[in-house]
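Undergrad: here is a sequence together with a model predicted from it:
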Amino acid sequence: MTGPIPPLAPTVRLRHGAEMPRLGFGTYPLDDTEAEHAVATAIENGYRLIDTAALYGNEIGVGRGLRGGGVARDELFVTSKLTKEQQGTGTRRAVEESCARLGTDHLDLYLIHWPDPAQDAYVETFRTLADLMGEGTLKAVGVSNFKPHHLDRIIETTGVVPDVNQIQLSPYHTRDGVRAHHEKLGIVTEAWSPLGRDGTVFAEEPVRRAAERHGRTPAQIVLRWHVQQGIVPVPKSGHSERMRENLDVFGFELTGAELDEISGLDRGEAAADDSDVLAH
């Protein structure tokens, strides 16, 4: 038996005015067929933020899922990202191609997937994205896997502050310094792999103890840890009931002590995007 569909996630207003749901649905590493079914199911279960990327190779399937979810396009918040090969002079075409594959005339958020420092085209790329936002093709623009010095450079050069930086972030990788820099600049932190990569965080004592105390699943506790700190997580699940559980994290609060105990799980290890190698 499946539970009721949870209420829609509340939204956060991005610096350029777009309203972004505070929890979304990730589609990596689904193929087109899997993505079509998963995205439609996620929308039916209350998700409105759907995250994909050209690199994932599933934008066509995601687009079919968007149309099959039974919700009007203007009620959805669709994010995609361009590959390192599309940076520079290929940026405008990359956006056009993503829109075509997704079957939409605009994107709610578009990200540079990785700065690719060796190529050194991310500033030019971001300037083009800002132009496309001004033209209305993009409602918000951002980056992914950027470090503070990358952010500072594009802001100083273009005068435009990204709406979002999507980074690897979980209780094992709390990224306190990066998040503080985002807050100072008015950038929303979005988390990929918010539940970790192998499920081991669910067995950690602070997570288990909070789950028992609140009558929630360990995954719900970890996702609540994210949203209560202003982080926007984008978990993925192929199971309808788990999708609902993951979204149903806005009806309870962790105590300050619980937040601190879960944050204490930080391993102090470099996250994948700290290596300057695209891992997601």
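TA: Nice, I can see it.
Undergrad: what packs against whichever helix or strand Glu258 is part of?
TA: Taking DSSP states H and E as the criterion, the element that holds Glu258 is helix 256-263. Under the contact definition 3 or more Cβ pairs under 8 Å, 6 or more residues apart in numbering; DSSP states H and E, helix 256-263 sits against helix 205-214, helix 218-228. Quick note: C-beta positions are derived from backbone N, CA and C, even for glycine.
Undergrad: nearest to Glu183, of the ones you listed?
TA: Put simply, out of the helices and strands packed on helix 256-263 the one that sits nearest Glu183 is helix 218-228, at 14.6 Å, with distance taken as Cβ to Cβ.
Undergrad: can you tell me the strand partners of the very next helix or strand once past that closest one and which way each runs?
TA: Using DSSP H and E, the helix or strand that follows helix 218-228 in sequence is strand 232-233. The partner list of strand 232-233 in its sheet, established with DSSP bridges, is strand 188-192 (parallel).
Undergrad: test my guess that Thr128 contacts Arg92.
TA: Yes - in this structure Thr128 lies within contact range of Arg92 using Cβ atoms under 8 Å: 5.9 Å.
Undergrad: neighbour count winner among the two?
TA: When Thr128 and Arg92 are compared for neighbours, Thr128 comes out ahead with 20 against 16, by other Cβ atoms under 10 Å.
Undergrad: so what's the closest residue to Gly24 other than its chain neighbours bridging to?
TA: On the basis of Cβ to Cβ, 6 or more residues apart in numbering, the spatially nearest residue to Gly24 that is not a chain neighbour turns out to be Leu49, at 3.0 Å. With DSSP bridges applied, Leu49 shows beta-bridge pairing to Phe77.
Undergrad: Pro21 is in contact with Leu49, correct?
TA: Yes - with contact defined as Cβ under 8 Å, Leu49 counts as touching Pro21 (4.0 Å).
Undergrad: overlap of the contact sets of the two?
TA: Shared between the contact lists of Leu49 and Pro21 (criterion: Cβ atoms under 8 Å, 6 or more residues apart in numbering) are residues Ala9, Phe77, Val232.
Undergrad: need those residues in CSV (columns: distance to Asp266).
TA: Formatted as CSV, these follow (distance: Cβ to Cβ, whole Å):
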residue, distance to Asp266
Ala9, 25
Phe77, 29
Val232, 19
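Undergrad: looking at these, which is nearest Gly238?
TA: Proximity of the shared contacts of Leu49 and Pro21 to Gly238 was ranked by Cβ to Cβ; the top entry is Ala9 with 19.5 Å.
Undergrad: and the closest one, what element?
TA: Using DSSP H and E, Ala9 falls within no helix or strand.
Undergrad: so who does it touch?
TA: Pro21, Arg22, Leu23, Gly24, Gly46, Tyr47, Arg48, Leu49, Leu247, Phe250.
Undergrad: help me confirm that the third one is found in a helix?
TA: Read that as Leu23. No - secondary structure assignment (DSSP: H, G, I helix; E, B strand; the rest coil) places Leu23 in coil, not in a helix.
Undergrad: so what's it closest to, chain neighbours aside?
TA: Ala9 (4.5 Å).
Undergrad: distance of that neighbour from Leu49?
TA: Going from Ala9 to Leu49 by Cβ to Cβ, to the nearest Å gives 7 Å.
Undergrad: shared neighbours, those two?
TA: With the criterion set as Cβ under 8 Å, 6+ apart, the overlap between the contacts of Ala9 and Leu49 is Pro21, Leu23, Gly24.
Undergrad: thought Ser170 was touching Leu195, still the case?
TA: Yes - Leu195 is within contact range of Ser170, at 6.6 Å (criterion: Cβ under 8 Å).
Undergrad: on that earlier part again, would you turn the helices and strands packed on helix 256-263 into JSON lines with distance to Leu66, mean pLDDT and mean neighbour count?
TA: As requested, the helices and strands packed on helix 256-263 are arranged in JSON lines below (distance: least, Cβ to Cβ, whole Å; pLDDT from 0 to 100; neighbours: other Cβ atoms under 10 Å):
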{"stretch": "helix 205-214", "distance to Leu66": "33", "mean pLDDT": "98", "mean neighbour count": "16"}
{"stretch": "helix 218-228", "distance to Leu66": "23", "mean pLDDT": "98", "mean neighbour count": "23"}
